[in-house]
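Visitor: A structural model of the following input is requested.
(one chain, ligands or ions: 1)
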Amino acid sequence: MHEFTPEVETLAKKILDYSLERLQKDPPLDGPKSPEELYFLVGETITKAGLGGENVLKLFTDVLAKACISTDHPRYLAFIPSAPSEYANLFDLVVGASALYGGSWLEGAGAVFAENQALRWISNLAGMPISAGGVFVSGGTIGNLSALVVARAEARKKYKEVDRWVIATSEEAHASIASAAHVMDCDVLKVAPDQDLKLRGRNIKSAIEEFQEKNPKSKVFAVVATAGSTNLGIVDELHSVAKACKALDLWFHVDGAYGLAALCAPSVRSLFNGVEDADSLIVDPHKWLFAPYDACALIYKNPTLAKEVHLQKAGYLDTLDDDGEFNPSDYAIHLTRRARGLPFWFSLASHGTDTYAASMEETIRVARVAADLIRKHPNLELLVEPELSIVAFIRKGWSREDYQSWSDQLLKDQIGFVTPSSHQNKPILRFAIVNPWTKVSDIEEILGTL
Ligand SMILES: *Cc1c(COP(=O)(O)O)cnc(C)c1O
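Guide: Numbering: from 1, shown residues only. As a prediction, this is how the structure comes out:
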């Protein structure tokens, strides 16, 4: 369409200037607008003649970008925020500029090599064997689904006459497990965790045994433990769940989309004991490992099993599989893929793993201080001691509507973004702290409005 004309060069400078400015300054929180408002401000952007790069860039920077909440703002504490390092974000520009294909060794060897070193760091932290490996997929949802599809394929080798396949997990598990089950046309056995909300080996073992007794035509094929629940940050007791899986001969998957990032934080590492026995695990670097969207590390203890299931076969693809080289496409539900692990790799390789551990510890420290401040706050009640970096609490005397209107006002005043959640059907608030630039003073500012 265009060569790199002087006009393109001018646009390039503007785009780079905007990107640098966005990276350098603390962004405003911003917030959504209605489709009508946006249409009023932007109008029709897809036209026969095109609006020209500079005009469209202006529409983006002046209007559209401002209608998106800055998920890396230090007082964005809702859901799970993002906190990409400058290095990771800058390298994302390089990935975008480089037309890298991350699906096969033939096309992307250099990129795949680098991604695999980053994956190796995670699998080493988890204590998985040297044969472990996997791929960066778009997010935890696809990571969980891809792993569970492999788990079922393994079970199908062993059990022939099964009416319904079943995934066993905790009531506290992430919604993506139910979503995977839905896609796979499986059922979910939801097991009540202990009082402290942790799933343990004995709960899961007795629940599965009881279930199998009552449902002889169904077969549980995998157990999903959560290493850092999204709502409260609680880590299931992985070592006892691992033992139960061994006893029952079941695939053990660890969903650590949020929490397994803290494998690199010495102060909490012991919470993850037993993760080394996982058949598969996931962790999202776009959550708590300072990478931009979208990147989930999916790691299998035995990647060969994943390839048996996920390799797409076609005449035009055969050449890729000839030499037994490592093709990332073969390990999840996808074919074409962006080398999305590279921004994470670049930042990790540049800063070193010590910096990652220190940044992680800082977020954990701020979460602990936040919990103390909440404990001392006359209107608030801490729900549970934070295990990782999620701090959940109650505002005494508030209805669901009070929570929502407080949250709306907080964003409107551009103070912070904290959305109500619920626990056991009661409204709660939670701070998810994954950003090392979130200071105690940021927490104090928000608590001051409660
Ligand atoms: C966020 C999350 C997921 C889903 O990950 P996406 O990247 O949003 O698809 C799954 N499990 C847990 C525990 C999570 O926190």
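Visitor: any chance you could map the helices in the stretch 301-450 of the chain?
Guide: Under the criterion DSSP state H, counting those that start in this stretch, the stretch 301-450 of the chain contains helices at 303-310, 342-351, 353-376, 400-412, 440-447.
Visitor: Including mean neighbour count, could the ones you listed go into TSV?
Guide: C-betas here are computed from N, CA, C, even on glycine. Output for those, formatted as TSV (neighbours: other C-beta atoms under 10 Å):
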stretch	mean neighbour count
helix 303-310	18
helix 342-351	23
helix 353-376	18
helix 400-412	14
helix 440-447	16
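Visitor: Contacts only, for the closest residue to L189 other than its chain neighbours.
Guide: Among residues not flanking L189 along the chain, A168 sits closest, at 4.4 Å (C-beta to C-beta, 6 or more residues apart in numbering). A168 is in contact with 188-189, 191, 204, 207-208, 211, 220, 222-224, 250, counting by C-beta atoms under 8 Å, 6 or more residues apart in numbering.
Visitor: Could you do P328 as well?
Guide: 102-104, 108, 112, 115, 135-136, 337.
Visitor: Going by neighbour count, which residues of stretch 54-63 are buried?
Guide: For stretch 54-63, the neighbour count (16 or more other C-beta atoms under 10 Å) marks 57, 59-60 as buried.
Visitor: same question, stretch 421-439
Guide: Buried-residue list, stretch 421-439, by 16+ other C-beta under 10 Å: 421, 423, 427-436, 438.
Visitor: Return the subset of the buried residues of stretch 54-63 lying in helices.
Guide: Among those, the ones falling in helices (DSSP state H) are 57, 59.
Visitor: List, one by one, the residues from the stretch 351-450 of the chain near the ligand.
Guide: Within the stretch 351-450 of the chain, no position lies close to the ligand (C-beta under 6 Å from any ligand atom).
Visitor: Next: the chain.
Guide: Checking the chain against the ligand by C-beta under 6 Å from any ligand atom, the hits are 80, 139-141, 174, 176, 226, 230, 255, 257-258, 284, 296.
Visitor: now with 8 Å?
Guide: Residues of the chain lying near the ligand by C-beta under 8 Å from any ligand atom: 80, 138-144, 173-177, 226-230, 255-259, 282, 284, 286-287, 294, 296.
Visitor: Quickly list what A432 is bridged to.
Guide: For A432, the beta-bridge partners are I390 (DSSP bridges).
Visitor: ok, now which ones touch it?
Guide: 77-81, 233, 258, 389-390.
Visitor: Columns distance to K307 on top of those residues, output as TSV?
Guide: Shown next, in TSV, are the contacts of A432 (distance: C-beta to C-beta, whole Å):
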residue	distance to K307
L77	40
A78	38
F79	33
I80	30
P81	34
G233	34
Y258	27
S389	35
I390	35
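Visitor: out of the residues of the chain next to the ligand, which are buried?
Guide: So, by 16+ other C-beta under 10 Å, the buried ones in the residues of the chain next to the ligand are 80, 138-144, 173-174, 176-177, 226-230, 255-259, 282, 284, 286-287, 294, 296.
Visitor: Take those residues and keep only those in helices.
Guide: 140-144, 176-177, 286-287.
Visitor: now those residues in CSV, with pLDDT?
Guide: Output for those, formatted as CSV (pLDDT from 0 to 100):
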residue, pLDDT
G140, 98
T141, 98
I142, 98
G143, 98
N144, 98
S176, 98
I177, 98
H286, 98
K287, 98
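Visitor: Next one: the residue nearest in space to the middle of the chain from S85, what distance?
Guide: By C-alpha atoms, centre = their mean, the mean C-alpha position of the chain lies nearest to D284, the distance being 3.4 Å. With the distance defined as C-beta to C-beta, to the nearest Å, D284 ends up 15 Å from S85.
Visitor: One more: S104?
Guide: From S104 to S85 the distance is 28 Å (C-beta to C-beta).
Visitor: about what we covered before: out of the buried residues of stretch 421-439, which two sit at the greatest distance?
Guide: Maximum pairwise distance in the buried residues of stretch 421-439, criterion C-beta to C-beta, is 29.1 Å, between P427 and P436.
Visitor: Could you dump the contacts of A432 into CSV with pLDDT added?
Guide: Below are the contacts of A432 laid out as CSV (pLDDT from 0 to 100):
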residue, pLDDT
L77, 98
A78, 98
F79, 97
I80, 98
P81, 97
G233, 98
Y258, 98
S389, 98
I390, 98
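Visitor: Please indicate which of those residues are buried?
Guide: For these, buried by 16+ other C-beta under 10 Å: 77-81, 233, 258, 389-390.
Visitor: now, which of those sits nearest C264?
Guide: Each of the buried ones among the contacts of A432 was checked against C264 using C-beta to C-beta; the closest is S389, at 13.1 Å.
Visitor: Give the buried residues for the worst-scoring helix or strand of the chain on mean pLDDT.
Guide: Least confident helix or strand of the chain, by mean pLDDT, DSSP states H and E, is helix 6-24 with a mean of 95. Buried residues in helix 6-24, counted by 16+ other C-beta under 10 Å: 11, 15.
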